[in-house]
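Asker: no sequence on this one, just coordinates:
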């Protein structure tokens, strides 16, 4: 099974970008959010990722 970087549908604060990155690397989404807080160009990078990352498949649960 191919593992792709996608927005999270379960761990979503704004658009699911940080949750998707955390699921891809198998780490805590809190840690990814902290990295985005301290990243110098955080708003620009987040907007680019929110617009370019693919949506995850919808599930019933």
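Answerer: Looks like it came in fine. The structure displayed is predicted, hence computed values, not measured ones. Numbers count the residues shown, from 1 in each chain.
Asker: not counting sequence-adjacent ones, nearest residue to residue 28?
Answerer: residue 22 (6.1 Å; Cβ to Cβ, 6 or more residues apart in numbering). C-beta here means a position set from N, CA and C on the backbone, and glycine is covered the same way.
Asker: what is the end-to-end distance of stretch 2-11?
Answerer: As for stretch 2-11, its first-to-last residue distance stands at 20 Å under the measure Cα to Cα, to the nearest Å.
Asker: for that stretch, which residues meet the burial criterion?
Answerer: Along stretch 2-11, the positions that meet the burial threshold by neighbour count (16 or more other Cβ atoms under 10 Å) are 6, 7, 8, 11.
Asker: cool, and stretch 41-50?
Answerer: Of the residues in stretch 41-50, those with enough neighbours to count as buried (16+ other Cβ under 10 Å) are 46, 49.
Asker: give me the mean pLDDT for that stretch.
Answerer: Averaging pLDDT along stretch 41-50 gives 88.
Asker: what do you get for stretch 18-38?
Answerer: Across stretch 18-38, pLDDT averages out at 90.
Asker: relative to residue 16, how far out is the residue nearest to residue 28?
Answerer: Using Cβ to Cβ, to the nearest Å, residue 22 is found at 10 Å from residue 16.
Asker: could you do residue 27 as well?
Answerer: 15 Å.
Asker: hang on, the earlier thing: tabulate the buried residues of stretch 2-11 (CSV), appending pLDDT and distance to residue 36.
Answerer: Formatted as CSV, these follow (pLDDT from 0 to 100; distance: Cβ to Cβ, whole Å):
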residue, pLDDT, distance to residue 36
6, 87, 17
7, 86, 14
8, 85, 14
11, 81, 14
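Asker: which ones are touching the residue nearest the centre of the chain?
Answerer: Central residue check for the chain by Cα atoms, centre = their mean: the C-alpha nearest the mean position is that of residue 17, 2.3 Å away. Contacts here follow Cβ atoms under 8 Å, 6 or more residues apart in numbering; on that basis residue 17 touches 7, 46, 49, 50, 53.
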